[in-house]
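*Asks:* got a sequence here, can you build the structure:
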Amino acid sequence: MRTAIVTESFLPQVNGVTNTVRHTVDRLLDLGHEVLVVAPGPGPDAYRSAPVVRVRSVGLPGYRSFSLGLPDPVLERTLADFAPDVVHLASPFALGAVGLRAATRLGLPTVAVYQTDIAGFARQYGIRADAPISRWVGRIHRRADRTLVPSTAAYSQLAALGVTDLHLWRRGVSLDLFSPDRRDAGLHAAWTRARPGTLAVGYVGRLAPEKQVRRLVEVASLPGTRLVVVGDGPARPWLERHLPEAAFTGMLRGNDLARAFASLDVFVHTGESETFCQTVQEAQASGVPVVAPAAGGPVDLVDHGRTGMLFRPTDPAALRHTVATVVGDEQLRSRTAAAALDAVAGRSWATVVDELIEVHYPAVLRILDGAAA
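*Replies:* You can find the predicted model right below:
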């Protein structure tokens, strides 16, 4: 099978969209399929054996390191030359809309993967445009042949926009990388050296407004804890000024990231606009108890009181109270961490991408064959 992936983000950017595309490409190539990636911004022109075609882009206002794809005739020419069996639109909004239009003109079937709450993202940057953004997102997904959503919250969101051909397609987790066995006593001791015997409470992810990371201030002073912040982004200077006692690791990848995850005692996620929330899964696979908002993707990943704890994001006292509850109850931490580890045991990326290959791509190919008949 020949698959063209038109993505709103790819390496060297590191985020949920990039990581999902990377794992998808890895599995497709491992199984002998041909893959082409079309992405915005500067970056490598190949990933493994897959060519990466770069199109025109502009830095996102307020987040210049994030490249927003622009209309570019290179995209349609590239699709025409590659002649894919299916066009995979990864989190389509800007470049993805151009890719959808080009695929439609070329008579190519499309699978659109909804992955980013664009309206929620924009809101955190002070852009109040929920209605027009939602109309645009709904229009894109109604025109795609099939839309895949990562959570029940995302399903409801798009269904309310009139999108009908919706299917749940969750995310995998790298079970060979994230594991309780990665816990490093020396790293934990380094984090808590100034206060021996304390617990490491950590956030892992992009340090950006859409993640609502300023809420980490609410848990920074909990007795018996040291806050650890893993990641980088435009919000880091603010966080460093307001969290002088916290440990900042910067961005980590691979084994270093897995070691940091597993060396935490409690993982905290702050953002309420997540369509899935991959870091929750990675913490669970690392054997770390999770605290996350009762909104968006985490609601599917965290069974409150069994595989983690959820807090009401609209209650200004709930985050601190929930983290304090977990910090103060060793049995709760142990019980929820063990149950979560069992829950993610079968969620490998191979299983998830195989569902694309065996179920969702063939479905849109049948749509094309039916139209041709």
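*Asks:* next structured bit after the helix or strand containing Ala200?
*Replies:* Per DSSP states H and E: Ala200 is located in strand 199-204. Once the chain leaves strand 199-204, the next helix or strand it forms, by DSSP H and E, is strand 225-230.
*Asks:* what about the chain, any weak spots by pLDDT?
*Replies:* The chain contains residues with pLDDT under 70 at 60-66, 124-125, 367-373.
*Asks:* 50 instead?
*Replies:* Across the chain, the ranges flagged by pLDDT under 50 are 373.
*Asks:* show me it divided up by domain.
*Replies:* Annotated domains of the chain cover 2-172+348-372, 180-343 [automatic domain parsing].
*Asks:* and those domains as a markdown table, adding mean neighbour count?
*Replies:* Yep, even glycine has a C-beta here, placed from its N, CA and C like the rest. Formatted as a markdown table, the domains of the chain follow (neighbours: other Cβ atoms under 10 Å):
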| stretch | mean neighbour count |
| --- | --- |
| domain 2-172+348-372 | 19 |
| domain 180-343 | 19 |
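*Asks:* what pairs with the strand holding Ala200, parallel or antiparallel?
*Replies:* Applying DSSP bridges, strand 199-204 is found paired with strand 225-230 (parallel), strand 266-268 (parallel).
*Asks:* which elements pack onto the helix or strand just after the shortest one?
*Replies:* In this case it means strand 266-268. Proceeding N to C from strand 266-268, the next assigned helix or strand is helix 278-285, under DSSP H and E. When contacts are defined as 3 or more Cβ pairs under 8 Å, 6 or more residues apart in numbering; DSSP states H and E, helix 278-285 packs onto strand 199-204, strand 266-268, strand 290-293, helix 298-301, helix 330-343.
*Asks:* what angle separates helix 278-285 from strand 225-230?
*Replies:* Helix 278-285 and strand 225-230 are oriented at 120 degrees to each other (axes from the mean of the first three to the mean of the last three Cα atoms, to 10 degrees).
*Asks:* and helix 278-285, how far out from the chain's middle?
*Replies:* 11 Å (Cα atoms, centre = their mean, to the nearest Å).
*Asks:* so what touches it?
*Replies:* Outside helix 278-285, the residues that touch it by Cβ atoms under 8 Å, 6 or more residues apart in numbering are 16, 19, 171, 173-175, 178-179, 204-205, 261, 264, 267, 269, 290, 292, 297-298, 301-302, 307-308, 337, 340-341, 343-344, 347.
*Asks:* picking that back up, would you list the strands paired with strand 199-204 in CSV and tack on distance to Tyr361?
*Replies:* Below are those laid out as CSV (distance: least, Cβ to Cβ, whole Å):
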stretch, distance to Tyr361
strand 225-230, 35
strand 266-268, 34
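*Asks:* quick one: closest of those to Ala324.
*Replies:* strand 225-230 (8.9 Å; Cβ to Cβ).
*Asks:* how far away from the center of its chain is the closest one?
*Replies:* Centroid displacement of strand 225-230 relative to its chain, using Cα atoms, centre = their mean, is 21 Å.
*Asks:* likewise for stretch 140-156?
*Replies:* Mean C-alpha position of stretch 140-156 versus that of the full chain (Cα atoms, centre = their mean) differs by 15 Å.
*Asks:* begin at 882 from here
*Replies:* With the count now opening at 882, the last piece we talked about shows up as stretch 1021-1037.
*Asks:* start to end distance for it?
*Replies:* End-to-end distance for stretch 1021-1037: 16 Å, by Cα to Cα, to the nearest Å.
*Asks:* contacts for that stretch next, please.
*Replies:* 970, 973-974, 977-978, 981, 985, 990-996, 998, 1039, 1042-1052, 1156-1157, 1176-1178, 1180-1181, 1237, 1241, 1244-1245, 1248-1249.
*Asks:* cool, thanks, signing off.
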